[in-house]
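Novice: With the input below, show me the fold.
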Amino acid sequence: MLNTLSGLFTAAVLAGTPLLLGALGEILTEKSGNLNLGVEGMMFMGAITGLAGSYYYEQAVIQAGGTPNGPASALIALFTSFIAGSLGALIYGFLTITLRANQNVTGLTLTIFGTGFGNFFGEYIGQQAGGYVAVSDVTKGVFSKMNIPVLSDIPVIGSLLFRYNWLVYFAVVVAIIMAWFFNRSRVGLNLRAVGENPATADAAGINITLYKYLATVIGGGICGIGGMYMSMVTTSGVWVHDCVSGYGWLAVALVIFATWSPARAMAVALVFGGLTIMRMYINIPGLPAQIYDMLPYVATIIVLVVTSMRESKEHAQPKSCGLNYFREER
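Specialist: The predicted structure is shown next:
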């Protein structure tokens, strides 16, 4: 029983990390008042560009007669996936912030575009590579679980907390920094003001357009890194068609579950991760697999109902989220 629970916890952390990264990117975006439903698309863009960046780096080094460097390959994957997610978010930002297009429609369009972008180039690069695209064992080793001296050897705790890949700890650090940013920094408080009441923030001299663009673009980049996790860790550095497989939508649901809090998002990502892989560890005879797939969304609905009943301002969505700001109507 203990081994089952330990395995479930470890698997939940690994499955919840891309959800956490996607949710953190969306939280940052929504705090500025932009509701970007294109998380799935940005994760797809990050997934293929991260994998392609490492793959083409390795091929270039091999053709030059050298040996690929694992950490360098991982950094290239991180950088390219962030840039791809940011570019997707920049498209969304230009349409909604500058051209004032409908945010819901634009976000859904970005999802369709990003999904097609990822699957098309994944298949194209795979055909050019001779059937499928995959990174070398050197790069795969960098994305495998870490062995932290002393800490990893602690009985029980070591295996539960200190034997994950570096992206798990990266996501936790991003969540902690973001929590501090929103609550302790002047820029973070200004961003929250933009999301709550852009007219008042504008009157106070805050550059609404700049804040919205930066939050949206950086948030999209974080979502892209979440997609790179799917292609480099979940599928072990091999491109699998439709590899993101709805995780972007789960990340959006996680934002609601965490009530727009990066700190709570860490705990909720663990719960969501556990719900997504529960069928592998807890098998109830006669219970269809589709019921397991429904659990994260059922939990979200319950949280929505409870949050609405409590009417807590602290746990509510930013007031201007989803609404374009027209300065002329201030």
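Novice: for the stretch 101-250 of the chain, which spans come out with low pLDDT?
Specialist: Applying pLDDT under 70 to the stretch 101-250 of the chain flags no residue at all.
Novice: cutoff 90 now
Specialist: 129-132, 145-163, 245-246, 250 (pLDDT under 90).
Novice: At which residues are the strands of it located?
Specialist: Counting by DSSP state E, counting those that start in this stretch, one finds no strands in the stretch 101-250 of the chain.
Novice: Now do the same for the residue in the chain sticking out farthest from the centre: its pLDDT.
Specialist: Note on the chain: the largest C-alpha distance from the chain mean falls to residue 65, namely 36.1 Å (CA atoms, centre = their mean). For residue 65, the pLDDT comes out at 93.
Novice: same thing with residue 1?
Specialist: Looking at residue 1, the pLDDT reads 65.
Novice: The residue farthest from the centre of the chain and residue 128: what is the separation?
Specialist: Distance of residue 65 to residue 128, given as CB to CB, to the nearest Å: 22 Å. (Each C-beta comes from the backbone N, C-alpha and C, glycine too.)
Novice: Equivalent analysis for residue 158, please.
Specialist: With CB to CB as the criterion, residue 158 and residue 128 are 43 Å apart.
Novice: what's the answer for residue 220, then?
Specialist: Note on residue 220: its distance to residue 128, by CB to CB, is 27 Å.
Novice: more crowded one of those two?
Specialist: Counted by other CB atoms under 10 Å, residue 220 and residue 128 do not tie: residue 220 has more neighbours, with 35 against 9.
Novice: ok, the closest residue to the more buried one other than its chain neighbours - contacts?
Specialist: For residue 220, ignoring the flanking residues on the chain, the nearest one in space by CB to CB, 6 or more residues apart in numbering is residue 89 at 2.3 Å. Taking CB atoms under 8 Å, 6 or more residues apart in numbering, we find residue 89 in contact with 29, 36, 38, 42, 216, 217, 219, 220, 221, 223.
Novice: Try it again at 10 Å.
Specialist: Applying CB atoms under 10 Å, 6 or more residues apart in numbering to residue 89 gives the contacts 25, 29, 34, 36, 38-39, 41-42, 45, 110, 213, 215-224.
Novice: how about stretch 217-237: buried residues?
Specialist: The neighbour-count check on stretch 217-237 (16 or more other CB atoms under 10 Å) flags 217-234, 237 as buried.
Novice: count of residues packed around the residue found closest to residue 118 once you drop the neighbours it is linked to in the chain?
Specialist: Once flanking residues are discounted, residue 118 sits nearest to residue 44: 3.2 Å by CB to CB, 6+ apart. Using other CB under 10 Å, residue 44 is surrounded by 35 other residues.
Novice: three-state assignment of residue 44?
Specialist: Assigned with DSSP: H, G, I helix; E, B strand; the rest coil, residue 44 falls in the helix class.
Novice: Check it and give its pLDDT.
Specialist: pLDDT at residue 44 comes out at 98.
Novice: Residue 117 is in contact with that one, correct?
Specialist: Yes - counting by CB atoms under 10 Å, residue 117 is a contact partner of residue 44 at 6.4 Å.
Novice: Which neighbours do the two have in common?
Specialist: 84, 88.
Novice: Helices along the chain, start to end?
Specialist: 2-31, 39-63, 70-93, 103-128, 137-142, 157-161, 166-184, 186-196, 198-203, 208-229, 247-257, 262-277, 289-310 (DSSP state H).
Novice: quick one, what contacts residue 218?
Specialist: Shown in contact with residue 218 (CB under 10 Å, 6+ apart): 25, 28, 29, 32, 82, 85, 86, 89.
Novice: what does stretch 275-288 rub up against?
Specialist: The contact list for stretch 275-288 (CB under 10 Å, 6+ apart) reads 4-5, 7-9, 11-12, 14-16, 19, 246-247, 250, 274, 289, 291-299.
Novice: Next: stretch 57-68.
Specialist: By CB under 10 Å, 6+ apart, stretch 57-68 touches 54, 69-70, 72-73, 75-77, 80, 129, 134-139.
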